[in-house]
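S.K.: Below are the sequence and a predicted model; questions follow.
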Amino acid sequence: MEEIAVVGDKETVLGFKLAGVANANAIVCNREDADEKFLQVMQNPRIGLVILSGDTEGLLTAKTRKLIDASTKPVV
């Protein structure tokens, strides 16, 4: 069964942890490591759905945003 992952700021990630997202799939990131952490999640074959906070999406490079557009893995 595929899992849900959330990538974002501390408050967003905490909310999803409280809603039941596993700690290993709840990734806090900042401006310096947003691309790296998001790409790690996207490459994980266990992850079937990625939740990305709106603020975090703004931290991603144009190259990573193009990857999101071309991905078959849902990113919301």
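M.R.: On my side now, so go ahead. Bear in mind that the values here come from a model prediction, so they are computed numbers and not experimental data. Numbers count the residues shown, from 1 in each chain.
S.K.: Let me see the residues that make contact with the lowest-mean-pLDDT helix or strand in the chain.
M.R.: Each helix and strand of the chain was given a mean pLDDT (mean pLDDT, DSSP states H and E); the minimum falls on helix 54-57 at a mean of 92. For helix 54-57, contacts defined as Cβ atoms under 8 Å, 6 or more residues apart in numbering pick out 7-9, 12, 29, 34, 38, 65. C-betas here are computed from N, CA, C, even on glycine.
S.K.: Quickly find the element holding E36.
M.R.: Per DSSP states H and E: E36 is located in helix 34-43.
S.K.: Give me the distance from that helix to the chain's centre.
M.R.: Its chain's average C-alpha position is 7 Å from that of helix 34-43, according to Cα atoms, centre = their mean, to the nearest Å.
S.K.: Which helix or strand lies directly C-terminal to that helix?
M.R.: Using DSSP H and E, the helix or strand that directly follows helix 34-43 along the chain is strand 47-52.
S.K.: helices or strands next to that following strand in the packing?
M.R.: Packing partners of strand 47-52 (3 or more Cβ pairs under 8 Å, 6 or more residues apart in numbering; DSSP states H and E): strand 3-8, helix 34-43.
S.K.: for the record, mean pLDDT for it?
M.R.: Averaged over strand 47-52, pLDDT sits at 96.
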